[in-house]
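**Student:** just coords:
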């Protein structure tokens, strides 16, 4: 599943792909593939991202535009 808001959230929080990759304990190239929808994000990482940005999983996947 493509998580369309993760790039926007990263840029809005002034983070680099490397910083998020480090947080998720993965390679930067793997994280970039998540952002570009080339690779599916494991649910465990999606939960960590939602927690990190304090947003809902529905927001990450684009089901809603409400962050809560």
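**Tutor:** Perfect, I can see it now. What you see is a predicted model; the values in this text were computed from it and never measured.

**Student:** contacts, neighbours, all on C-alpha from now
**Tutor:** Will do.

**Student:** Quick one: name whatever helix or strand follows the longest helix anywhere in the chain.
**Tutor:** Across the chain, the longest stretch assigned as helix under DSSP state H is helix 43-53. Using DSSP states H and E, the helix or strand that follows helix 43-53 in sequence is helix 57-61.

**Student:** in that following helix, what's buried?
**Tutor:** Neighbour counts using 16 or more other Cα atoms under 10 Å place 57, 59-61 of helix 57-61 among the buried residues.

**Student:** and which of those residues is nearest to residue 17?
**Tutor:** Nearest to residue 17 among the buried residues of helix 57-61 is residue 60, at 16.3 Å by Cα to Cα.

**Student:** Run through the neighbouring helices and strands of the strand or helix carrying residue 32.
**Tutor:** For residue 32, the host element (DSSP H and E) is helix 28-35. If you count contacts as 3 or more Cα pairs under 8 Å, 6 or more residues apart in numbering; DSSP states H and E, helix 28-35 packs onto helix 17-24.

**Student:** Run the angle between the helix it packs on and helix 43-53 for me.
**Tutor:** For helix 17-24 against helix 43-53, the angle by axes from the mean of the first three to the mean of the last three Cα atoms, to 10 degrees is 110 degrees.

**Student:** Now do helix 17-24: everything it contacts.
**Tutor:** 10, 27-28, 30-32, 45, 48 (Cα atoms under 8 Å, 6 or more residues apart in numbering).

**Student:** Among these, the buried ones, what's the ChimeraX command?
**Tutor:** Buried members of the contacts of helix 17-24, defined by 16+ other Cα under 10 Å, are picked up in ChimeraX with:
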select :10,28,30,31,32
